[in-house]
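Asks: This is a predicted model, with the sequence first.
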Amino acid sequence: MLSGEKICRKSMSFAATTTLRITLRHLKTVWLFTRSDYKTILFPVTIFALVLSPRRNPLALSRALCWVWFHLLQANVSNQTYSAHEDVVNKPWRPVPSGRISVRGCRALRWRLMVFCLGLSSLSSVNVLISSALLTVVEIVHDDFGLSHHPVFKNLCNVGGYATFEIGATLVLSGESYLDGTSITALTCSALVIFMTIHVQDFADANGDRMSGRRTLPIVAPEGSRIYVLCVLPLLSLGLASIWSLGPLCSVLFVSIGFGVGLRCFLFRDEIRDQSTYLLYNMWLLGAHLLPANARFRVLAW
């Protein structure tokens, strides 16, 4: 009898250990799907929503973070369904190239996440639900219709993706069903920034993109694209500083960061340094999403 109890306990312990191991594996898999976009999407979008929303209680922030993260997971699973061959070169740690999930399993997960995200959005408001649906449309035209292979259309898809993330997150956090004038101005500025600069991410991924047949700007115009970044980042920084009425010190600091990132992109051209440049670009992008705070609180007027 005692040996039977011991066997039962061992079986239960083994089952619990196995369940925990499987759960941890799944959690790591979903984290790997989103790993490279916390600095690109999750943090900038959340800061954008925090700056613009009149409501900032912890519960609302948690809901907004969950909304952004699940939609980020949906977008990344959709994208990585088609990018496994280039990820072998650019990001071999991702779930598909590393063998954690098959392409078929990735596609099935993608459509399940779409349904889940629409359901999650329906708990907030009609406009949040519309944002979720529009993000799904952007993913379909970007991934399934191959617009990711064209430099201009890819940037337009990036603009659509960012806009839907930012609108949805701001509405969820604020609890409102519409955006005010400052929010619309901030959204317009964000869309312009993304359209004109997001291809900075493509410099470090050029080898994998070339293998997959993508025609990104660094591939189409290797020299011109770097000169363009060198010029556009300081000019955009200057324009944003003017739009949001930054003070002289904040203006100089922000424009200097933009010029520094542009100069580094022009001078340093190997893959490792392009990755570092992209990290610095994301810091600049984060700063660009913070600037509307000056319209709300006048905190950058010095």
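Replies: Thanks, I have the structure now.
Asks: tell me the contacts of the spatially most central residue of the chain?
Replies: Geometric centre of the chain, nearest residue: residue 41, 2.5 Å, by Cα atoms, centre = their mean. By Cβ atoms under 8 Å, 6 or more residues apart in numbering, the contact set of residue 41 is 68, 72, 162, 165. In this view, the C-beta of every residue, glycine as well, is placed from N, C-alpha and C.
Asks: Chain neighbours aside, what residue packs nearest to residue 212?
Replies: Spatial nearest neighbour of residue 212, excluding adjacent residues (Cβ to Cβ, 6 or more residues apart in numbering): residue 86 at 4.2 Å.
Asks: can you map out the strands along the stretch 151-300 of the chain?
Replies: In the stretch 151-300 of the chain, no strands are found when defined by DSSP state E, counting those that start in this stretch.
Asks: number of nearby residues for the residue nearest to residue 212?
Replies: 20 (other Cβ atoms under 10 Å).
Asks: Report how many residues lie close to residue 98.
Replies: Residues near residue 98, counting by other Cβ under 10 Å, number 15.
Asks: All further residue positions should be reported with the first residue as 5.
Replies: OK, 5 is where the count begins now, so the last one is residue 102.
Asks: Residues contacting stretch 234-243, please?
Replies: Here stretch 234-243 makes contact (Cβ under 8 Å, 6+ apart) with 196-197, 200-201, 255, 258-259, 261-263, 265-267, 269-270, 288, 292.
Asks: In ChimeraX, select just the buried ones from those residues.
Replies: Buried residues within the contacts of stretch 234-243, by 16 or more other Cβ atoms under 10 Å, are selected in ChimeraX with:
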select :197,200,201,255,258,259,261,262,263,265,266,269,270,288,292
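Asks: what would the contacts of residue 45 look like in a markdown table with distance to residue 65, pLDDT and neighbour count?
Replies: A markdown table is the format used below for those (distance: Cβ to Cβ, whole Å; pLDDT from 0 to 100; neighbours: other Cβ atoms under 10 Å):
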| residue | distance to residue 65 | pLDDT | neighbour count |
| --- | --- | --- | --- |
| 72 | 11 | 97 | 22 |
| 76 | 16 | 97 | 22 |
| 166 | 20 | 94 | 26 |
| 169 | 15 | 96 | 27 |
